[in-house]
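Student: I would like the atomic coordinates for the input below:
(2 chains)
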Number of protein chains: 2
Amino acid sequence: MPLPTDAVLAHADSDLDGSLGRLFDFLRIPSISTDPAYKDECRRAAQWAADRLAECGFKAEVRPTTGHPMVVAHHDGAGPDAPHVLYYGHYDVQPPDPLDLWNTGPFEPVLVDGPHGKRIVARGAVDDKGQVMMFFEAFRAWHATHGNLPCRVTVFLEGEEECGSPSLVPFLEANKDELGQADVAVVCDTGMWDVETPAITTMLRGMAYTEVKLTGPSRDLHSGLYGGSALNPINALAKILGDLTDDQGRIQLPGFYDGIPERSMEQKAEWESLGFDETAFLADVGLSSSSGEAQRSALERLWARPTADINGIWGGYTGPGSKTVIASEAFAKVSFRLVTGQDPDRVVQAFQRFCDERAPAGAKVAVSDLHGAPAMEVPLDLPQLQAARAALADEFGRPAVTVGSGGSIPVVEKMKRILGLDSVLMGFGLNDDQIHSPNEKFEQVCFHHGLRSNARLLAKLAES
Amino acid sequence: MPLPTDAVLAHADSDLDGSLGRLFDFLRIPSISTDPAYKDECRRAAQWAADRLAECGFKAEVRPTTGHPMVVAHHDGAGPDAPHVLYYGHYDVQPPDPLDLWNTGPFEPVLVDGPHGKRIVARGAVDDKGQVMMFFEAFRAWHATHGNLPCRVTVFLEGEEECGSPSLVPFLEANKDELGQADVAVVCDTGMWDVETPAITTMLRGMAYTEVKLTGPSRDLHSGLYGGSALNPINALAKILGDLTDDQGRIQLPGFYDGIPERSMEQKAEWESLGFDETAFLADVGLSSSSGEAQRSALERLWARPTADINGIWGGYTGPGSKTVIASEAFAKVSFRLVTGQDPDRVVQAFQRFCDERAPAGAKVAVSDLHGAPAMEVPLDLPQLQAARAALADEFGRPAVTVGSGGSIPVVEKMKRILGLDSVLMGFGLNDDQIHSPNEKFEQVCFHHGLRSNARLLAKLAES
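Tutor: Model prediction:
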């Protein structure tokens, strides 16, 4: 006897072009959340998403915040006793800069040929519009085939994921009774192990993102008249930030590593068994050797060890030609990826202390906390994690691997803390998708598998 | 019997308002040489200067170069046997940024009250239009009073002093027979010891100005997915540039101090006797303590020791908010003030080596040489230096002090090397004139003294 899921998958396969067309419509909206100039586009993307959910039987709303709006939608067709899953995603995207490195317009999605068949190229192709559309289209296939979904489903999309989610916590707190009714969250913003091997992410690094301002003289000075006597803020900032790591790649903030658990031999052996090829991973981005902490495996460094990256730096004269100036101020954006055992607030405080201890006489250093979130680990015995494993095994004919992610998904920690929900992180990106970079892409085959896997997951959750 | 100079000085005094009016006209021309948008304004400033000289009996020309034009003017009224002096100045100015820190428009000169009486406020007030107009107006007073000048005079103005003088060497080489006929050069681009004490500058630091580009990954990367494995070019650049000096302020380039003579005890004692108040010098720009090499006096650090200043730095995301990016490239402008014994080319090579030695695997560092000049010292027994001493002693009623300058005036070295001319550096700026900064000013009393001193100098040179 055919299972209900079979008809859903058949429908999804036959309507793949329709799904891609709708994804392209979504990708054409330049919903860049960090740039105020794109405020209306963010709102348009939210409304577009709500309209698509309404087409699949959801009661869908765009709800205002002090920043970009949220999308909240409910489908209760499975009845009050059915399992209830909350799907999270985000409709906003990173800025497309530098524009001149794109082969096609970042908001003019195209299909181009690649080693795994067609690939979708656009800003947001995989982060996160493509992954959002996988579950939207899974709902659409269930709705078209059976007129209903097998579980109760809540969809929650934010529009500020790429700019630190300033409205997320207030919104979750204000709506925790409504959103917290779900049994579990499914977060679609992660990756596969490789194009043939699905993955479930159970470790996420956290984040402490700061801006540093170092102030020296009260005005810009002539470097000839003052050089050798006056403090140079850029020299001072370079010296401080140059101290961030020692020659073993160990981060030098006081107490930075306190409380971080050493991973078990079993855990390290499991990572080893994945056969991650760091040389190829880096060669793909033009690098010939690895950086970071000495004597740690690549996967441990990427998933279970913290980082200190300067994301931006500026000060003084940066135009063409030369200007013999000692600037009054120098700036940097410095972020720390955090792991279990680290507290974002304490890291920011330690960074301020680190800067203060190294600031030369006459320099003032102010560290601003732009946003932060602790690392998260998802319990391996979560029943819904087993449902996801089963769905992925059926779809791919091989078991999913359990991985970590170097990137932060702060919403996972916030949904746990505020809504009481664990998250199943099941995503379909690949390492070479160039997220946050020019020519971001999403393999069509991954989109298709992701759509089908979500259709299967709804049935598995209904059984659980 | 009244000396010819007395009438000249009386005329200069009575026409001071006229002199200031002409200076204001000059200051209203935004001749910013480093910015191609102001090319026409530079040409206009050159023509304006030539026209003023023609009014005083000069045969004056604006001569094209591949960059901004030169002004060359000759006055041969004193006859073929008279001493022949070449006056050098520059008609171009620094960019006025940051504009919002100016109290009045940078190109709308005003007189404002200050502790020494009126002061002239505008970009170029003292660097160098005000100092150029001192000798222009001295010529005008001689011309008006006696219909002639007491010496043969050549004027040579460039329009690229603030952007590295790219046309200067080719122009001097092409015109060395014409310009090299003078006996000595007078350069008006330096300062006084204080508002009551004139100074003659005999030591000038040189310059090696570079731009550094550090390249890492072939594209911008997501700091979550790659942080802990991929090289971060900004971290790497900060680490390299943070090493520029040790904790004693000693510059760490290989061989950097080789060949620099240790100054004599007499020289150091003379500097000590000047009673320079570094605390006040720095307090004036909001700094509470001195930077630079340990165990060196302030004047030695400012005049006779080299520096390494980062004049600008940039890379990664520098806009509002946060972007979790590992940039592909990072940049800095780094300049070295040089002293006797150092060669600019060798310093640039040493800096490239310094960067290469510290570049982590996968980083490429390219150091570009933007411009350079060795340090210069003027012989203390130069006869024309004695003439300048006499003119200044007459004007101020006290002897001039002999000083160094931390700033580079590369033309001094070039006029020596190409034209065979020594330079007398007699200038009237003060330390707090804020050159290259917002609200640049020139004390009216200094302008007036400078005008009169130049009128006296012409007579003293005629006698020498």
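Student: need the contact list for A:Ile32.
Tutor: A:Tyr38, A:Glu41, A:Cys42, A:Asp92, A:Val93, A:Gln94, A:Pro95, A:Pro96, A:Glu162 (CB atoms under 8 Å, 6 or more residues apart in numbering or on different chains). Using the backbone N, CA and C atoms, a C-beta is placed for each residue, glycine as well.
Student: if we use 7 Å, what do you get?
Tutor: Residues counted as contacts of A:Ile32 (CB atoms under 7 Å, 6 or more residues apart in numbering or on different chains) are A:Tyr38, A:Val93, A:Pro95.
Student: cool, A:Ala236 as well?
Tutor: A:Leu214, A:Gly216, A:Ala359, A:Pro360, A:Ala363.
Student: quick one: low-confidence parts of the stretch 51-200 of chain A?
Tutor: Within the stretch 51-200 of chain A, no stretch has pLDDT under 70.
Student: what residues does it put near chain B?
Tutor: Applying CB under 7 Å from any CB of the partner chain, we find that the stretch 51-200 of chain A lies next to chain B at A:Gln94, A:Cys163, A:Gly164.
Student: report how many residues lie close to the first one.
Tutor: Counted with other CB atoms under 10 Å in any protein chain shown, the burial measure for A:Gln94 works out to 25 neighbours.
Student: show me what contacts it?
Tutor: The contact partners of A:Gln94, taken as CB under 7 Å, 6+ apart, are A:Arg123, A:Glu162, A:His436, B:Lys323.
Student: okay, and the beta partners of A:Val367?
Tutor: Counting by DSSP bridges, A:Val367 is bridged to A:Val212.
Student: what's the burial count for it?
Tutor: Neighbour number of A:Val367 under other CB under 10 Å is 22.
Student: in this structure it contacts A:Phe351, no?
Tutor: Yes: counting by CB atoms under 7 Å, A:Val367 touches A:Phe351, with 5.5 Å between them.
Student: how about whichever strand or helix holds A:Ser19: buried residues?
Tutor: Assigned by DSSP states H and E, A:Ser19 falls within helix A:16-27. Counting neighbours by 16 or more other CB atoms under 10 Å in any protein chain shown, one finds that the buried residues in helix A:16-27 are A:Ser19, A:Leu20, A:Arg22, A:Leu23, A:Phe24, A:Phe26, A:Leu27.
Student: could I get those as JSON lines with pLDDT and distance to chain B?
Tutor: JSON lines is the format used below for those (pLDDT from 0 to 100; distance: CB to the nearest CB, whole Å):
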{"residue": "A:Ser19", "pLDDT": "98", "distance to chain B": "26"}
{"residue": "A:Leu20", "pLDDT": "98", "distance to chain B": "25"}
{"residue": "A:Arg22", "pLDDT": "98", "distance to chain B": "26"}
{"residue": "A:Leu23", "pLDDT": "98", "distance to chain B": "21"}
{"residue": "A:Phe24", "pLDDT": "98", "distance to chain B": "23"}
{"residue": "A:Phe26", "pLDDT": "98", "distance to chain B": "21"}
{"residue": "A:Leu27", "pLDDT": "98", "distance to chain B": "19"}
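Student: would you turn those into TSV with distance to B:His146?
Tutor: Compiled in TSV, the buried residues of helix A:16-27 are given as follows (distance: CB to CB, whole Å):
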residue	distance to B:His146
A:Ser19	94
A:Leu20	90
A:Arg22	90
A:Leu23	88
A:Phe24	85
A:Phe26	85
A:Leu27	81
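Student: which members of these are the farthest-apart pair?
Tutor: A:Ser19 and A:Leu27 (12.6 Å; CB to CB).
Student: quick check: the one residue in the stretch 351-464 of chain A that gets nearest to chain B vs B:Tyr226, distance?
Tutor: Minimum separation of the stretch 351-464 of chain A from chain B (CB to the nearest CB) falls at A:Gly407, amounting to 2.8 Å. According to CB to CB, to the nearest Å, A:Gly407 stands 10 Å off from B:Tyr226.
Student: just name whatever secondary elements the helix or strand that contains A:Gly130 is in contact with.
Tutor: Element membership for A:Gly130 (DSSP H and E) is helix A:129-146. For helix A:129-146, the contact count by 3 or more CB pairs under 7 Å, 6 or more residues apart in numbering or on different chains; DSSP states H and E identifies helix A:4-14, helix A:16-27, strand A:84-90, helix A:444-463 as packing neighbours.
Student: could you point out the helix or strand that follows the shortest one?
Tutor: It stands for strand A:84-90. Later in the chain than strand A:84-90, the nearest helix or strand by DSSP H and E is strand A:110-114.
Student: A:Asn235 against B:Ile313, yeah?
Tutor: No: judged on CB under 7 Å, A:Asn235 makes no contact with B:Ile313 at a distance of 9.5 Å.
Student: can you tell me which helices and strands the helix or strand hosting A:Val403 packs against?
Tutor: With elements taken from DSSP H and E, the one containing A:Val403 is strand A:401-405. If you count contacts as 3+ CB pairs under 7 Å, 6+ apart, strand A:401-405 packs onto strand A:199-204.
Student: on that earlier part again, buried sites along the helix holding A:Gly130?
Tutor: Within helix A:129-146, the residues scored as buried using 16+ other CB under 10 Å are A:129-145.
Student: what's the closest non-adjacent residue to the residue minimising distance to the centre of chain A?
Tutor: Ranked by distance to the mean C-alpha position of chain A (CA atoms, centre = their mean), the top residue is A:Ile409 at 5.1 Å. Distances taken as CB to CB, 6 or more residues apart in numbering or on different chains put A:Leu204 closest to A:Ile409, at 5.2 Å, once the chain neighbours are dropped.
Student: show the pLDDT at A:Pro2.
Tutor: Note for A:Pro2: predicted pLDDT of 63.
Student: oh sorry, the question was meant for A:Met426
Tutor: A:Met426 is assigned 96 on the pLDDT scale.
Student: try A:Pro410
Tutor: 79.
Student: isn't it up against A:Ala373?
Tutor: Yes: applying CB under 7 Å, one finds A:Pro410 in contact with A:Ala373, separated by 3.3 Å.
Student: the residue of the stretch 351-464 of chain A closest to chain B: what secondary structure?
Tutor: Judged by DSSP: H, G, I helix; E, B strand; the rest coil, the three-state class of A:Gly407 is coil.
Student: dump stretch A:439-452 to PDB, restricted to CA.
Tutor: Provided in PDB are the C-alpha atoms of stretch A:439-452 (Å, rounded to 0.1, in the frame of the first residue of the first chain):
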ATOM      1  CA  ASN A 439      28.400  34.300  -6.400                       C
ATOM      2  CA  GLU A 440      26.600  32.500  -3.500                       C
ATOM      3  CA  LYS A 441      25.000  29.300  -4.900                       C
ATOM      4  CA  PHE A 442      22.800  26.400  -3.900                       C
ATOM      5  CA  GLU A 443      23.000  23.100  -5.700                       C
ATOM      6  CA  GLN A 444      19.600  22.300  -7.300                       C
ATOM      7  CA  VAL A 445      20.100  18.700  -6.200                       C
ATOM      8  CA  CYS A 446      20.500  19.800  -2.600                       C
ATOM      9  CA  PHE A 447      17.400  21.900  -2.800                       C
ATOM     10  CA  HIS A 448      15.500  19.000  -4.300                       C
ATOM     11  CA  HIS A 449      16.700  16.500  -1.600                       C
ATOM     12  CA  GLY A 450      16.000  19.100   1.100                       C
ATOM     13  CA  LEU A 451      12.500  19.700  -0.100                       C
ATOM     14  CA  ARG A 452      11.800  15.900  -0.200                       C
END
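Student: kind regards, and thank you for your time.
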